[in-house]
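Asker: sequence and predicted structure are below.
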Amino acid sequence: AARLREYAGPTIFSEMTALAQETGAANLGQGFPDSDGPPELLDAARDAIARGMNQYPPAIGLPALRGAIAARRADDHGVSYDPDHEIVVTAGATEAIAAALIGLCDPGDEVIVFDPLYDSYSACLAMAQVRRVPVLLEYDGTRFAFDPDALRRAVGPRTKVLLLNTPHNPTGKVFDEAELELIARLCVEHDLIAVTDEVYEYLVYDRVRHLSLAALPGMRERVLSISSAGKTFSSTGWKVGWACGPARLVGTVRTVKQYLTFGTGTPLQAAVAVALTDCMPWVEELRASLERRRDLLVAGLRAGGITTYPSHGTYFVQMDARSFGSEDGQALCRALVTEAGVAAIPSVALYDDKAAGRHLVRLAFCKDEDLLSRAARRLAGHARAARPL
Ligand code: PMP
Ligand code: GLN
C-alpha cells in the first residue's frame with residue numbers, strides 16, 4: 001500500500017550491519033551484544049528441546065513464563081498481574097507494540113510519541129493508519145527533556161494512546177519521576193491509554209532507577225507495559241517478549257497476536273521463564289559491565305575532542321557529528337564505515353524532526369572492550385584529522 005512505501009527496503013540497522021560485515025568495520029551500529037546470555041538460559045533451552053517442548057505453545061504463552069513475568073513485575077515495581085488474564089507472551093517486544101497499536105487504535109486516531117522514536121513505531125502506526133504526533137526531546141545542556149506545554153498541546157480529540165519508551169533508544173534518557181507524573185496526569189485527564197516500551201528496563205546506570213509508568217497511582221488500569229528477554233538476557237535473536245496490563249488491554253493484544261504469529265518459540269519461552277527466576281544476579285553483572293563499557297567508550301571519544309551526550313540507560317550513547325567538522329550525521333556515518341572502520345547509526349533515521357537529529361550519531365557500547373577501545377581510537381583519530389589545525 002502507498003502508506004508503506006517509505007518503509008520499503010532494509011532498516012537502517014540491517015543496512016549498517018551489512019555494511020560493517022562487508023567492510024570489516026567495528027560494528028557499533030545495530031544494538032546487539034557480542035556475547036551470550038547466562039549459561040542457565042542456554043542450558044534450559046537445550047533441555048526444553050531435548051524434553052520435547054517443540055510444538056505450539058498456548059497462544060498467550062507458557063504458564064511458567066507468564067508466572068515468572070508476574071513475579072518480576074511484582075518484585076520490581078509492586079504491581080501485580082494475574083498471569084491468566086493480564087499477561088501475554090509475544091514474538092519480541094516488537095510484536096507486542098504492533099499488536100497493541102493495531103488493536104487499540106482505529107484508523108484516523110492519533111498516538112503521541114516522544115521524538116526520536118524507535119523505527120518500528122512509525123511503521124506500525126502507518127500499518128494501523130494512525131497519525132503519529134511527535135513531542136520532541138530536546139537537549140537542554142544537561143539532558144534530553146520535553147516541553148510540558150508541547151506535550152499538553154499534542155493531545156487532541158482523536159488521541160487514543162501515548163507511547164513511551166524508557167529507558168529511551170537512542171538518547172539513553174531514563175524518564176524521571178516528575179516527568180512520569182506529568183505524563184500520568186495527562187493520561188488520566190484525557191482518558192488516554194499508555195503503552196510503555198521498557199525493553200531496557202534493567203540496563204540503567206549512574207544509580208538511576210527505571211520506574212514503570214504502571215506503578216504510578218491510578219495508572220495500572222490504563223498502562224500496557226511491554227518488555228522482552230532480548231536485552232535483559234543478551235538474547236536479541238530469540239524474540240521472546242511480553243505485555244502486561246489490565247485484561248481489557250491485554251485481551252486486545254492477545255486477539256491481534258493470535259492471528260499475527262499465534263505463538264513464539266516454545267523451548268525459548270521455557271528457558272526465559274528459568275532465567276527470569278534464577279538469573280537476575282547475572283543481569284546485575286551485565287548492567288555493571290555495560291556501565292563500565294559506556295564509560296570506556298565515552299572516555300576514548302572525549303579524549304579525542306568528540307562531544308558526547310549523557311546516556312543513563314540502554315545500549316547507546318550519542319556523539320556530535322560537528323566534532324568531525326560535519327553538520328550531517330548521515331554523511332558522517334557513511335564516511336566512518338569506509339574511512340575510520342566504524343559503523344554507527346545516524347540518529348536522524350529515528351527522528352521525526354529531521355533538523356533536530358541531523359548532527360547526532362548513535363553508538364552501541366554493548367560490545368567487547370577491545371572492540372570499543374579500537375573504535376574509540378579510530379573515531380578520535382578521524383575527528384582530529386577532520387578538524388582545522
Ligand atoms: N523497543 C526498543 C526501544 C528497541 O530498541 C528494540 C530493539 N531492540 C525493540 C523494542 C525490539 O525488541 P524485541 O527484539 O524484543 O522485539
Ligand atoms: N533495537 C536495535 C537497535 O536499536 C535494532 C533491532 C533491529 O534491528 N530491528 O539497534
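Answerer: That came through fine. Ligands and ions are numbered 1, 2, ... in the order given.
Asker: for ligand 1, what is the nearest residue in the stretch 1-150 of the chain?
Answerer: residue 92 (2.5 Å; Cβ to the nearest ligand atom). In short, each C-beta sits where N, CA and C put it, glycine included.
Asker: from residue 230, how far off is the nearest residue to that residue once chain neighbours are set aside?
Answerer: Nearest residue to residue 92, sequence neighbours excluded (Cβ to Cβ, 6 or more residues apart in numbering): residue 239, at 3.8 Å. Between residue 239 and residue 230 the computed distance is 7 Å (Cβ to Cβ, to the nearest Å).
Asker: any residues in contact with both of the two?
Answerer: By Cβ atoms under 8 Å, 6 or more residues apart in numbering, residue 239 and residue 230 have these common neighbours: residue 92.
Asker: compare these two (neighbour count), which wins?
Answerer: residue 230 (24 against 19; other Cβ atoms under 10 Å).
Asker: what helix or strand is the nearest residue to residue 314 once chain neighbours are set aside on?
Answerer: In space, and not counting its chain neighbours, residue 314 is closest to residue 200: 4.4 Å by Cβ to Cβ, 6+ apart. Assigned by DSSP states H and E, residue 200 belongs to no helix or strand.
Asker: separation between residue 200 and residue 162?
Answerer: Counting by Cβ to Cβ - residue 200 and residue 162 are separated by 19 Å.
Asker: next: residue 366.
Answerer: Distance, residue 366 to residue 162, using Cβ to Cβ: 28 Å.
Asker: please say which of those two ends up with more neighbours.
Answerer: Between residue 366 and residue 162, counted using other Cβ under 10 Å, residue 162 has the larger neighbour count: 28 against 24.
Asker: got the phi/psi numbers for that one?
Answerer: phi -110, psi 120 (degrees, to the nearest 10).
Asker: so what's it bridging to?
Answerer: Applying DSSP bridges to residue 162 gives these bridge partners: residue 112, residue 194.
Asker: what is the neighbour count of residue 141?
Answerer: 4.
Asker: quick check, it in a strand?
Answerer: No. Per DSSP: H, G, I helix; E, B strand; the rest coil, residue 141 lies outside any strand segment and is coil.
Asker: contact partners for it?
Answerer: Counting by Cβ under 8 Å, 6+ apart, residue 141 makes contact with nothing.
Asker: quick one: it and ligand 2, what's the gap?
Answerer: Between residue 141 and ligand 2 the computed distance is 26 Å (Cβ to the nearest ligand atom, to the nearest Å).
Asker: the residue nearest to residue 92 against residue 231, yeah?
Answerer: No. Using Cβ atoms under 8 Å, residue 239 is not in contact with residue 231; the gap is 12.0 Å.
Asker: is ligand 2 contacted by the helix or strand of the chain with the lowest mean pLDDT?
Answerer: Sorting the helices and strands of the chain by mean pLDDT, DSSP states H and E puts helix 12-23 at the bottom, at a mean of 93. Yes. Contact of helix 12-23 with ligand 2 is found when judged by Cβ under 6 Å from any ligand atom, involving residue 13.
Asker: which residues does the helix or strand following that helix contact?
Answerer: Under the assignment DSSP H and E, the closest C-terminal helix or strand after helix 12-23 is strand 26-27. By Cβ under 8 Å, 6+ apart, the residues outside strand 26-27 that reach it are 16-17, 20-21, 341-343, 364, 367, 371, 374-375, 378.
Asker: outline the domain layout of this structure.
Answerer: 2-30+281-386, 39-278 (automatic domain parsing).
Asker: and for the residue of the stretch 151-300 of the chain found nearest ligand 1, nearest residue in space, chain neighbours not counted?
Answerer: Closest approach between the stretch 151-300 of the chain and ligand 1, counting by Cβ to the nearest ligand atom: residue 228, at 3.1 Å. Among residues not flanking residue 228 along the chain, residue 241 sits closest, at 3.4 Å (Cβ to Cβ, 6+ apart).
Asker: so who does the one you found touch?
Answerer: 89-96, 199, 226-230, 264.
Asker: what of residue 201?
Answerer: Counted by Cβ under 8 Å, 6+ apart, residue 201 has contacts 76, 167, 210, 212, 227, 232.
Asker: could you do residue 198 as well?
Answerer: With Cβ under 8 Å, 6+ apart, residue 198 has these contacts: 165-167, 210, 212, 225-227.
Asker: what's the average pLDDT for the helix or strand in which residue 373 is found?
Answerer: Following DSSP H and E, one finds residue 373 within helix 369-386. The average pLDDT within helix 369-386 is 96.
Asker: stretch 267-280 too?
Answerer: 98.
Asker: what are the buried residues along it?
Answerer: Within stretch 267-280, the residues scored as buried using 16 or more other Cβ atoms under 10 Å are 267-276, 279.
Asker: also stretch 336-345?
Answerer: For stretch 336-345, using 16+ other Cβ under 10 Å, the buried residues are 336-337, 340-345.
Asker: quick one: which of those residues sit in strands?
Answerer: 342-343, 345 (DSSP state E).
Asker: between the residues you listed, which is closest to ligand 2?
Answerer: residue 345 (6.6 Å).
Asker: how about the nearest residue to the closest one, chain neighbours excluded?
Answerer: Excluding the flanking residues, the one nearest residue 345 by Cβ to Cβ, 6+ apart is residue 362, at 4.3 Å.
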